[in-house]
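Peer 1: Here is my input, please return the structure:
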Amino acid sequence: MNKPLAERLRPQTVDDYIGQQHLMGPGAIIRRMIESGNVASFILWGPPGVGKTTIAKIIANSCKAPFYTLSAVHSGVKDVREVIEKCKRENAGMFSQGARPILFIDEIHRFNKSQQDSLLAAVETGIVTLIGATTENPSFEVIRPLLSRAQVYTLNPLSDSELATLLDRALKNDEILAAHGIDLQQTDALFRYSGGDARKLLNILDLLEQSTMPDKPIVINDAIVTESLQRNPAAYDKNGEIHYDIISAYIKSMRGSDPDAALYWLARMIEGGEEPEFIARRLIIFASEDVGLANPNALLLANAAFDAVHKIGWPEGRIPLAQATVYMATSPKSNSAYMALDEAIAFVRKTGNQPPPLHIRNAPTKLMADMGYHKGYLYPHDFPGHFVKQQYFPDSLGHPAFWHPCTDNPAEAKAAALHHARWNPDTDTK
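Peer 2: Prediction:
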């Protein structure tokens, strides 16, 4: 049986690699490591099919280093320790030449704390160079001591132009596709269904090749790609589709206040084997980003759902996820806090690092007190209503407004009215 197209076309050198120019382009950090032969431990974070495994293999090939691979799905502490022992027994001359063994761990986010702990000493003492790959945010899934020993590099979905380069290479260089001949008519659907995932694109080409008679050319157009994928829904990287496309549909359904659609996409993720903690984290983000001040209890419920999933496990953990999903979808919505922060960040980038006014700085030393630190500060609890008007922004900035409350829901309207009464008591609020 032929290897999959994605494996047949896997790049072997840095010059063959497509995409991730911020890491692999001329002068970029990982390319410099490869060219110097001095590779430090790092973790690659990005969606499926963007070249994480390929980068690790290119490094191993280029540096002539012993290369070991573990999958976090199938490996335990025992497997990690066995690999580390093999690395210790590697010819000492390899270390003197800088060819330190490389341990590539795919889906490192699936390692639990004890498994990750078992890597620490080997990474710290230079027994191995660790290259991890993950589709999950390492800040949540990788222990802090390991993160401190391995730089995290983010990989992005491939652009349409990069997918076009990959398509051109496949059609020109692959003997099996060339044997058919290619009738390339349209690429919109091909790129859309690929979604920035190189492996998806190549798997779709594999599907089209397998469904074409040997003596016929492979026709690529929008209608054929769409029809082929609808007829073969599992033909390409189902996990990638669920993880990135369906989570988007789930969030948008809750944002659009459609609990039934949200439950449908939740069920799709559950049936597809999605990590329950990933869903629970998205609920926490949604509670702040989309429900926000319109219903502050949403964040409490989302956090409770996350805790419940950890405490009771799977499959019962689906029940609090369902409760939280319906609650988020039917809750009033406001993104005012989220948008206010984005506006404040943009303002900070524009105005630079302005110093706080002296009266709201602490004065822990006599010298600072003599310089006017804390002088004139008004303690709000000493005033009626626990409020007094004073300057909290840097003096040069005045008092810009970032929070624009959504007053069409009772909870936020009440907070907005109190805020207005405090800071603009003499203005008409009607």
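Peer 1: ok now do Asn295, which residues does it touch?
Peer 2: Asn295 is in contact with Ser331, Pro332, Asn409, Ala411, counting by C-beta atoms under 8 Å, 6 or more residues apart in numbering. All C-beta atoms are positioned from the backbone trio N, CA, C, and that covers glycine.
Peer 1: Among these, which ones are in helices?
Peer 2: Using DSSP state H, Ala411 are the members of the contacts of Asn295 that sit in helices.
Peer 1: Most neighbours out of the contacts of Asn295, which is it?
Peer 2: Ser331 (21 neighbours; other C-beta atoms under 10 Å).
Peer 1: export the contacts of Asn295 to a markdown table and tack on pLDDT and distance to Val83?
Peer 2: Shown next, in a markdown table, are the contacts of Asn295 (pLDDT from 0 to 100; distance: C-beta to C-beta, whole Å):
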| residue | pLDDT | distance to Val83 |
| --- | --- | --- |
| Ser331 | 92 | 48 |
| Pro332 | 89 | 53 |
| Asn409 | 82 | 55 |
| Ala411 | 81 | 54 |
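Peer 1: from the contacts of Asn295, which is closest to Asp79?
Peer 2: Ser331 (45.0 Å; C-beta to C-beta).
Peer 1: What segments of the stretch 251-400 of the chain are helices?
Peer 2: Per DSSP state H, counting those that start in this stretch, the stretch 251-400 of the chain carries helices over the ranges 259-271, 276-286, 297-312, 318-330, 336-351, 366-370.
Peer 1: Of all these, which one is nearest Asn221?
Peer 2: Minimum separation from Asn221 across the helices of the stretch 251-400 of the chain (C-beta to C-beta) falls at helix 259-271, 28.4 Å.
Peer 1: Could I get the helices of the stretch 251-400 of the chain in JSON lines, plus columns for mean neighbour count and distance to Leu147?
Peer 2: Putting those into JSON lines (neighbours: other C-beta atoms under 10 Å; distance: least, C-beta to C-beta, whole Å) gives the following:
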{"stretch": "helix 259-271", "mean neighbour count": "17", "distance to Leu147": "27"}
{"stretch": "helix 276-286", "mean neighbour count": "20", "distance to Leu147": "17"}
{"stretch": "helix 297-312", "mean neighbour count": "17", "distance to Leu147": "21"}
{"stretch": "helix 318-330", "mean neighbour count": "20", "distance to Leu147": "28"}
{"stretch": "helix 336-351", "mean neighbour count": "13", "distance to Leu147": "24"}
{"stretch": "helix 366-370", "mean neighbour count": "11", "distance to Leu147": "36"}
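Peer 1: Any chance of a markdown table for those helices, columns distance to Leu201 and mean pLDDT?
Peer 2: Converted to a markdown table, the helices of the stretch 251-400 of the chain look like this (distance: least, C-beta to C-beta, whole Å; pLDDT from 0 to 100):
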| stretch | distance to Leu201 | mean pLDDT |
| --- | --- | --- |
| helix 259-271 | 23 | 88 |
| helix 276-286 | 25 | 91 |
| helix 297-312 | 34 | 92 |
| helix 318-330 | 32 | 94 |
| helix 336-351 | 33 | 87 |
| helix 366-370 | 61 | 85 |
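Peer 1: Reformat those helices as TSV; add distance to Glu35.
Peer 2: TSV is the format used below for those (distance: least, C-beta to C-beta, whole Å):
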stretch	distance to Glu35
helix 259-271	42
helix 276-286	36
helix 297-312	44
helix 318-330	47
helix 336-351	34
helix 366-370	50
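Peer 1: out of the ones you listed, nearest to Thr187?
Peer 2: With C-beta to C-beta as the criterion, Thr187 lies closest to helix 259-271 of the helices of the stretch 251-400 of the chain, at 27.6 Å.
Peer 1: Can you tell me which helices and strands the closest one packs against?
Peer 2: The helices and strands touching helix 259-271, judged by 3 or more C-beta pairs under 8 Å, 6 or more residues apart in numbering; DSSP states H and E, are helix 247-255, helix 276-286, helix 318-330.
Peer 1: out of those, nearest to Thr125?
Peer 2: Evaluated with C-beta to C-beta, these place helix 276-286 nearest to Thr125, the distance being 31.5 Å.
Peer 1: distance between that closest one and the chain's centre?
Peer 2: Helix 276-286 sits 13 Å away from the centroid of its parent chain (C-alpha atoms, centre = their mean, to the nearest Å).
Peer 1: before we move on, what about stretch 218-231?
Peer 2: With C-alpha atoms, centre = their mean as the basis, stretch 218-231 stands 30 Å off its chain's centre.
Peer 1: same question, stretch 139-147
Peer 2: Computed by C-alpha atoms, centre = their mean, the chain-centroid distance of stretch 139-147 equals 14 Å.
Peer 1: Alpha carbons of it, in CSV - could you do that?
Peer 2: In CSV, the C-alpha atoms belonging to stretch 139-147 read as follows (Å, rounded to 0.1, in the frame of the first residue of the first chain):
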residue,chain,number,x,y,z
SER,A,139,0.5,27.7,29.9
PHE,A,140,-2.4,25.4,30.9
GLU,A,141,-1.0,22.0,30.0
VAL,A,142,2.7,22.0,30.7
ILE,A,143,4.1,22.3,34.2
ARG,A,144,5.9,25.5,35.0
PRO,A,145,9.4,24.0,35.8
LEU,A,146,9.4,22.4,32.3
LEU,A,147,8.2,25.6,30.7
